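1. I'll drop the sequence and a predicted model, then ask my questions.
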Amino acid sequence: MSEPSSHPLVQLTLARIREFLREPEAVFWAFVFPIVMSLALAFAFPSEATRNVLVGLEPGPATQSLRATLEASKGITVREIRPDDERRALREGTVNVVVVPTTPPTYRFDPAREESLLARAVVDDALQRAAGRADQWTAREEPQQVAGSRYIDWFIPGLIGMGLMTNGMWGIAFGIVQARMRKLLKRMVASPMKKSQYLLAQLLARLLFLPAEVLVPLVFAMVAFGMPVNGNPLTIAIVVLAGAFSFGAFGLLMAARVRTIEAISGLMNLAMLPMWIVSGVFFSSSNFPDAIQPVIQVLPLTALIDALRAVILDGASLGAIRSDLAILGVWGVVPFFAALRLFSWK
Amino acid sequence: MSEFAVKCERLRKAYGPVVAVADVSLSVRRGECFGLLGPNGAGKTTTIEILEGLLSADAGDIEVLGLRWSHHADELRQRLGIQLQETQLPDKLTVEETLRLFRSFYANGRTVEELLQIVGLEGKRASRVGKLSGGQKQRLSLASALAGNPDLLFLDEPTTGLDPQSRRQLWMLLEQFRERGGTILMTTHYMEEAEYLCDRVAVVDHGRIIAEGVPQELIARLGEPKVITHHGTLEDVFMSLTGRHLRDE
């Protein structure tokens, strides 16, 4: 009979993979969600270089000539605006500065907003020059589309790190808690199954999903946003493995004794939510006060994301991220052995 | 080789102040079907799980297939078939995948094809477990217990919650297992199940065996049936021993 390998480790791993792939929600969160997320953020934070300053022009005798002057300059979009609409337009950012055609002109803008200050300077520059200001010299400009320093480039490694955490912890813990709840763990230890093989299979199944989990958002970002990947693929793989092991072990520990899906959900949120906020997924963790930095820096997600950014964006070597790897190693080994000691098969 | 498939003496198990098994001694001969009978909470499941090596007893002496859990756990696991109460096999796997998984745990045993055929699920091999009826799930659970071609089968309330037809079907399968020389130790709270399947039964109540013997003898010991048209049943035995109904509310 042509049976696929009947080794228990293979069968246990296959069972876990099948269960995952046949759960459409799980597949969505692991593979589709990161793409949706990066698309949404790419639209919300487009690359600054392509953005014009938005100028509102009040009606008056000099409006026509002002308009012609401004439109002739690069990087300015002009629209006429009535005085009644000014405040709202400025507040909502549909114009960055309002030009009133007095002599000399009047600028209305919000000095607390960077884009407003920028618009004021650009407009003033254009009008002064048109009025006959002689530039002492023209600087040579070397525009750089700095791929790798845009928000989206910075964000993608954070997104990958977050995925490794969420999928790692859920991927391990959910299956185990469900099997315990359904008395399946107990049934399995009533058979000659080796407990170590069951646990190993859970980790192996995770390992097999890793390439897709990391490559889907990474390749998507390379193709859609031209994100540079400067790191050595092997180094990236090592960081990903360290992160996956760390969060897998953490998930194993959380699932060691819990008996209900509700309880494991609560535990997971308790562990993951603070890291989503402070570990630098969406904005830099350096925004938090110095007093809590020592705590933030030893969190596994902070270490993983730091290492991913350093390797993917800056092409850092293994040696340069060794402290991050050490943190991930500790977060992997300690929970792993704690989980083995605490694990309940009943 | 011991003539007994299962032999235990003075078994005791307490959970804090609650005594689940007070004092149980029993022996099951090879090739026999032995039933532990009693209401919910009588200590049947605790007893059978101790014998299955899933729980440890506070006191008592246990021998299964002439072996001991303390020394021969690996060998025993290979030779026993176990069906637990309330196990739910993974919904997302197919019947065939489930059997292949369980079969992989045993060094020797039946092929997946044979198992499918024995429990009559060949037509359902590609169906997801979650889509099976209660009776089909229970037959799959039995097939997974038979995967290692066991000498001894432990069944904990194998037909609870099944419709009469599915129950009959399962009884037939268990009879076939007996005909091939297998030994069964089962718990049940269905009288007719014990009368139909078991060579000997032990009636358990409050963690003790209060009566033991061949079903017909136990019924006969009651003496004259109280109602002319009513043939004696194990239900009557239990009532006369305890003054309570077996399936008390």
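-> Nice, I can see it.
2. Tell me the residues of chain B that contact chain A?
-> Contact residues (CB under 8 Å from any CB of the partner chain) of chain B with chain A: B:52-54, B:74, B:77-78, B:80, B:82, B:84-90, B:92-93, B:97, B:100-107, B:111-113, B:128, B:144, B:147-148. For the C-beta atoms, the positions are set from N, CA and C on the backbone; glycine is no exception.
3. Could I have the buried ones of these as ChimeraX selection syntax?
-> The buried residues among the residues of chain B next to chain A can be selected in ChimeraX (16 or more other CB atoms under 10 Å in any protein chain shown) with this line:
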select /B:52,53,54,77,78,80,82,84,87,88,89,90,93,97,100,101,102,103,104,105,106,112,128,144,147,148
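4. Which of the residues of chain B next to chain A fall within strands?
-> B:80, B:82 (DSSP state E).
5. quick one, what contacts B:Ala22?
-> B:12, B:43, B:206-208 (CB atoms under 8 Å, 6 or more residues apart in numbering or on different chains).
6. Let me know the closest of those to chain A.
-> Relative to chain A, the closest of the contacts of B:Ala22 is B:Gly43; by CB to the nearest CB it sits at 17.6 Å.
7. For B:Ala14, which three-state class applies?
-> Following DSSP: H, G, I helix; E, B strand; the rest coil, we place B:Ala14 in the strand state.
8. How about A:Ala89?
-> helix.
9. how much space between the closest residue to A:Val258 other than its chain neighbours and chain B?
-> Among residues not flanking A:Val258 along the chain, A:Ile264 sits closest, at 4.7 Å (CB to CB, 6 or more residues apart in numbering or on different chains). As judged by CB to the nearest CB, to the nearest Å, A:Ile264 and chain B stand 17 Å apart.
10. ok, now which ones touch A:Ile264?
-> Going by CB under 8 Å, 6+ apart, A:Ile264 touches A:173-174, A:177, A:254-255, A:258.
11. Strands of chain B, residue ranges please.
-> Counting by DSSP E, chain B has strands at residues B:4-15, B:18-29, B:33-37, B:59-64, B:80-83, B:152-156, B:183-188, B:200-205, B:208-213.
12. residue boundaries of the helices in the chain?
-> All of this refers to chain A. Ranges of helices within chain A are A:8-21, A:24-27, A:33-44, A:63-72, A:86-92, A:114-130, A:151-181, A:184-189, A:195-225, A:233-254, A:261-278, A:293-297, A:300-314, A:322-342, based on DSSP state H.
13. right idea, wrong chain: chain B
-> B:44-51, B:69-79, B:95-104, B:112-118, B:134-145, B:164-179, B:191-197, B:215-221, B:234-242.
14. Check the offset of the helix or strand of chain A with the lowest mean pLDDT from the chain's centre.
-> Every helix and strand in chain A was compared by mean pLDDT, DSSP states H and E; the lowest is helix A:33-44, with a mean of 81. Relative to its chain's centre, helix A:33-44 lies at 9 Å (CA atoms, centre = their mean, to the nearest Å).
15. Sort out which residues of that helix are buried, please.
-> A:34, A:37-38, A:42.
16. Can you give me the distance of the residue nearest to B:Gln165 when sequence neighbours are not counted to B:Pro158?
-> The shortest distance from B:Gln165 to any non-neighbouring residue, by CB to CB, 6+ apart, is to B:Gly135 (7.4 Å). Distance of B:Gly135 to B:Pro158, computed by CB to CB, to the nearest Å: 11 Å.
17. can you list residues touching both of these two?
-> Both B:Gly135 and B:Pro158 are in contact with B:Leu170, where contact means CB under 8 Å, 6+ apart.
18. List the buried residues in stretch A:207-218.
-> Buried, per 16+ other CB under 10 Å, within stretch A:207-218: A:209-210, A:213-214, A:216-218.
19. can you list contacts of it?
-> Under CB under 8 Å, 6+ apart, the answer for stretch A:207-218 is A:13, A:17, A:20, A:30-31, A:34-35, A:38, A:156, A:159-160, A:163-164, A:167, A:171, A:227, A:229, A:236, A:240-241, A:244, A:312.
20. Intersect those residues with the contacts of chain B.
-> Of the contacts of stretch A:207-218, not one also sits near chain B (CB under 8 Å from any CB).
21. Apply the buried test to those residues and list what passes.
-> Buried, going by 16+ other CB under 10 Å: A:13, A:17, A:20, A:30-31, A:34, A:38, A:156, A:159-160, A:163-164, A:167, A:171, A:227, A:229, A:236, A:240, A:244, A:312, out of these.
22. circling back: who's in contact with the least confident helix or strand of chain A?
-> Residues contacting helix A:33-44 (CB under 8 Å, 6+ apart): A:151-152, A:155-156, A:159-160, A:163, A:216-217, A:220-221, A:224-225.
23. Need those residues in TSV (columns: distance to A:Ser65 and pLDDT).
-> Formatted as TSV, these follow (distance: CB to CB, whole Å; pLDDT from 0 to 100):
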residue	distance to A:Ser65	pLDDT
A:Tyr151	39	82
A:Ile152	40	85
A:Phe155	44	90
A:Ile156	47	91
A:Leu159	49	92
A:Ile160	53	94
A:Gly163	55	93
A:Val216	54	89
A:Pro217	51	89
A:Phe220	48	89
A:Ala221	46	89
A:Ala224	43	85
A:Phe225	41	84
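24. Identify the farthest-apart pair in those.
-> A:Tyr151 and A:Val216 (20.1 Å; CB to CB).
25. what's near enough to touch the residue nearest to B:Gln165?
-> Counted by CB under 8 Å, 6+ apart, B:Gly135 has contacts B:162-163, B:165-167, B:169-170.
26. hmm, which two among those residues are most spread apart?
-> B:Asp163 and B:Leu170 (10.9 Å).
27. quick one, which of the two is more surrounded?
-> B:Leu170 (22 against 12; other CB atoms under 10 Å in any protein chain shown).
28. Apart from its neighbours in sequence, what residue is nearest that one?
-> Once flanking residues are discounted, B:Leu170 sits nearest to B:Thr159: 5.5 Å by CB to CB, 6+ apart.
29. Now do the contacts for that neighbour.
-> Counted by CB under 8 Å, 6+ apart, B:Thr159 has contacts B:138, B:166-167, B:170-171, B:188, B:190, B:193.
30. Looking at residue 149 now. What's its pLDDT?
-> Chain wasn't specified; assuming chain A. Reading off the confidence values, A:Ser149 has pLDDT 73.
31. hmm, I had chain B in mind actually
-> The predicted structure scores B:Asn149 at 95 on the pLDDT scale.
32. Distance of it relative to B:Asn108?
-> According to CB to CB, B:Asn149 stands 7 Å off from B:Asn108.
33. more crowded one of those two?
-> Neighbours were counted for B:Asn149 and for B:Asn108 using other CB under 10 Å; B:Asn149 has more, 16 against 8.
34. Make TSV from the helices of chain B and add mean pLDDT and distance to A:Ala190 to it.
-> Compiled in TSV, these are given as follows (pLDDT from 0 to 100; distance: least, CB to CB, whole Å):
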stretch	mean pLDDT	distance to A:Ala190
helix B:44-51	95	9
helix B:69-79	95	8
helix B:95-104	97	11
helix B:112-118	95	17
helix B:134-145	95	9
helix B:164-179	93	18
helix B:191-197	88	21
helix B:215-221	80	28
helix B:234-242	73	28
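35. shouldn't B:Lys124 be in contact with B:Val95?
-> Yes. With contact defined as CB atoms under 8 Å, B:Lys124 reaches B:Val95; the gap is 5.1 Å.
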